[in-house]
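Novice: Generate coordinates for the sequence data below:
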Amino acid sequence: MPIQRHRIWDSTLLALTISILSACTQSTPTNQTSSANSTNTAATSTNLKVVATSSVLCDLTKTIAATTIDLTCLVKAGTDPHVYEPTPADRKAIEDAQLVLYSGYDFEPSLIKLIKASSNPATKVAVGEVAVPKPLMGKHEDEHSEGKKAVEREPHAEEEEPDPHIWHDAKNGVQMVKVIQNNLTKAAPENTDLYTKNAQALSAELTQVDSWIKSQIATIPAASRKLVTTHDALGYYSAAYSIPVEGALQGISTEEKATAARVRELTEEIKADQVPTIFAEVSANPNLIKTVAKEANVKLSEQELFADGLGAAITEGDTYPKMLIANTKAIVEGLGGQYTAFAPK
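Specialist: This is a model prediction of the structure:
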């Protein structure tokens, strides 16, 4: 009998060992992150494959679609889309996508060229162009012309081109949400209810942010309500929230180089207009704007603005609404206003 008990125990132990080994060798789902910054690309996923070029588009798309898509974000937060050069991984992501979302208005020129040259028949949407069909018009900084403003907002100025930075007006952000929601719904109609619910919640939040920004800018003394930045990215913010852009080192694209003549000119403008504080940008080299601040004897804000996209993860500007809030905080505090934190209702 003792021998039989040992045999029963040995048999049980063998079965348990086989079970454990079998469990250890089974594959488990993983989220694979490629060099193209895919945010949810499980190898066996049947989700809609979506590519978005900019960090703003990625955040809006992710908020609306949640886990129903495999989203690949091409330009990382804190990277300048104006001068971004696509990688082989970007090209593959575009070719494999079922929906491609890009800003348009020449915001990400190299990526736009790649997207338009793609043989992929998937829907490709210039979200900014659809959301805001009548953009503000700006012009490049002319390195050969002294005595001219860097940016002219006249409707028929020569060499004018659309300003792509539409998201700095929260109302435009609401329009972008609609465009993204509509295209996600067309591509994956089975998720219509979810997309509608999430888009409505996001739009409601942005509407509150829009009203809050207006109330915050209104606290800045009128004489100090002037913006000077590295490049002219805040035209929509200026128009929406009644704060004039007095000058910028560069035009609407950071591809243009600020000349010594432009540095001198902007310095004189700041002195003449008595601008109290000027602002650097997260994705731009701050050295030239520091030079301007020193020469003009004005304060350079310690809080950099998010001009061309969101901030890195776990920063003040790591989502679209938070980016608008962070920029407003920097501007209000830098120009002597009374900042009150945003409190969603």
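
Novice: Using the three-state scheme, assign Glu161.
Specialist: With DSSP: H, G, I helix; E, B strand; the rest coil as the basis, Glu161 sits in strand.

Novice: Can you list the low-confidence ranges for this structure?
Specialist: Applying pLDDT under 70 to the chain flags residues 1-44, 139-158, 252, 255-256.

Novice: all helices for it, in order.
Specialist: With DSSP state H as the criterion, the chain has helices at 2-25, 55-65, 88-96, 109-117, 127-131, 170-187, 192-217, 235-241, 260-273, 287-296, 320-334.

Novice: And the shortest one, what does it pack against?
Specialist: For helix 127-131, the packing partners by 3 or more Cβ pairs under 8 Å, 6 or more residues apart in numbering; DSSP states H and E come out as helix 170-187. No exception for glycine: its C-beta is placed from N, CA and C like everyone else's.

Novice: Tell me the spacing between the residue nearest to Thr68 when sequence neighbours are not counted and Ile64.
Specialist: Excluding the flanking residues, the one nearest Thr68 by Cβ to Cβ, 6 or more residues apart in numbering is Asn191, at 4.8 Å. Asn191 is 10 Å from Ile64, where distance means Cβ to Cβ, to the nearest Å.

Novice: overlap in contacts of those two?
Specialist: Leu184 (Cβ atoms under 8 Å, 6 or more residues apart in numbering).

Novice: Among those two, which residue is more densely surrounded?
Specialist: For the pair Asn191 and Ile64, the greater number of neighbours falls to Ile64 (25 against 19), based on other Cβ atoms under 10 Å.

Novice: wait, that one sits on Asn182?
Specialist: No. Using Cβ atoms under 8 Å, Ile64 makes no contact with Asn182, being 10.3 Å away.

Novice: which ones are touching the residue nearest to Thr68?
Specialist: Counting by Cβ under 8 Å, 6+ apart, Asn191 makes contact with 65, 68, 184-185.

Novice: cool, and Glu269?
Specialist: Glu269 touches 228, 246-247, counting by Cβ under 8 Å, 6+ apart.

Novice: Distance to Gln98 for these - can I get that in TSV?
Specialist: Listed next are the contacts of Glu269 as TSV, based on distance: Cβ to Cβ, whole Å:
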residue	distance to Gln98
Val228	43
Glu246	45
Gly247	44
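
Novice: Format the residues you listed as TSV; extra columns: distance to Glu265 and neighbour count.
Specialist: Formatted as TSV, the contacts of Glu269 follow (distance: Cβ to Cβ, whole Å; neighbours: other Cβ atoms under 10 Å):
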residue	distance to Glu265	neighbour count
Val228	12	25
Glu246	12	20
Gly247	8	24
